[in-house]
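Student: A predicted structure for the sequence below; I have some questions about it.
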Amino acid sequence: MTSPAGAPWVEGLSMVCHDLRRPLTVIRGAATLLMEAHDKLPPGNRAQILGLIDQSARTMADLVDDLALVARLEAGLLPVTLQAVQVRQLMETVVDAVREGNPQVRLTLLQPGEITVQADPEQSVRVVRALVSAALRRSPEGSAPELSAEVSGGQVRILVALPTGVAIEEPAEPLLEPFSSSDGDLGLPLYLARRLAGLMWGVVAVVTLPGGRSAFSFNLNRRV
C-alpha cells in the first residue's frame, strides 16, 4: 500500500468520493420526493422509498467505517485481543449479520464440529463477513456461496467457496489490496480482512478448490 501522496491513493480517493456520492444521491432524491409528494404517495410507495434511504445510509456508513478502520490500522491504533473463539459461533454470527442486512440473500452454511481458534472475537467476525460479502458479489444470481471450516494439524481453515463452476479470473493479489480491483471496486473490506487476519497470526487468501471453483480462505491457529 503506497503513501497518501502516491498515485494509487489519489485515484483511490476519487473512487471513494464516487462511491459515497452514489448512495448520497439516492438519499437526497428520495428525501426530496417524500417532502414534495408525501401526501400523494400510497403508503406502500412511501415504505419503499424509506427502505431505499435506509439501505443507502447503511452503504455509506459501512464505507465510512471501513475508511476509519483503515486509518486506525495504518496508524497502529487498532488493538487486537486474542482469545478462544468457537468457529461454529463465529460462522453463525456472520450468517445472521449478512441475512439481517439482506433477508433474501442465499448462503449455505456447513456446520463445523466443536472447533476453537485463537482470534479476536470482533475482528474475526469482520474478516469472515468481508469474505462472505466478496463471494456474494461474485456469485451468479440465484446461486449460493458455501461457508465451511476444516482442521489441518494446528490450523483451522474457514472457507467461503463460490458456487460450483465459478472461478475468479483476475489475479488474487490485487483483490486483497485497496483500489486495485479491475472491476472498479474499492477493495477495502478484503484489504482490511487481510490486514486484520495478520494481526491475529492468520492468513487470508484466494484459493482454487477441486473442480476449479474459487474460494476465499481464512487460516487461524487452532486452540486445543
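Tutor: Structure received.
Student: Tell me the confidence at the nearest residue to L188 once chain neighbours are set aside?
Tutor: Excluding the flanking residues, the one nearest L188 by CB to CB, 6 or more residues apart in numbering is D66, at 4.2 Å. Using the backbone N, CA and C atoms, a C-beta is placed for each residue, glycine as well. D66 is assigned 82 on the pLDDT scale.
Student: burial measure for D66, as a count.
Tutor: 20 (other CB atoms under 10 Å).
Student: Remind me which helix or strand it belongs to.
Tutor: Under the criterion of DSSP states H and E, D66 resides in helix 43-74.
Student: what's that helix packed up against?
Tutor: Under the contact definition 3 or more CB pairs under 8 Å, 6 or more residues apart in numbering; DSSP states H and E, helix 43-74 sits against helix 7-37, helix 188-199.
Student: now do 10 Å
Tutor: Identification of packing neighbours for helix 43-74 by 3 or more CB pairs under 10 Å, 6 or more residues apart in numbering; DSSP states H and E yields helix 7-37, helix 87-101, helix 121-137, helix 188-199.
Student: Just the angle for that helix relative to helix 188-199, thanks.
Tutor: 40 degrees (axes from the mean of the first three to the mean of the last three CA atoms, to 10 degrees).
Student: In helix 43-74, which residues are buried?
Tutor: Residues 49, 52-53, 56, 59-60, 63, 66, 69-70, 73 are the ones in helix 43-74 that count as buried (16 or more other CB atoms under 10 Å).
Student: out of these, who's nearest V85?
Tutor: L69 (19.3 Å; CB to CB).
Student: and that closest one, how far is that from L77?
Tutor: 10 Å (CB to CB, to the nearest Å).
Student: again with E141
Tutor: According to CB to CB, E141 and L77 sit 40 Å apart.
Student: the more surrounded of the two?
Tutor: Taking neighbours as other CB under 10 Å, E141 and L77 compare with L77 leading, 8 against 5.
Student: Relative to D39, how far out is that one?
Tutor: 49 Å.
Student: for L131, same thing?
Tutor: According to CB to CB, L131 and D39 sit 46 Å apart.
Student: okay, these two: which has more neighbours?
Tutor: L131 (26 against 6).
Student: what sits against the more buried one?
Tutor: 94, 145, 147, 158-160, 189-190, 193, 197, 204, 206, 215-218 (CB atoms under 10 Å, 6 or more residues apart in numbering).
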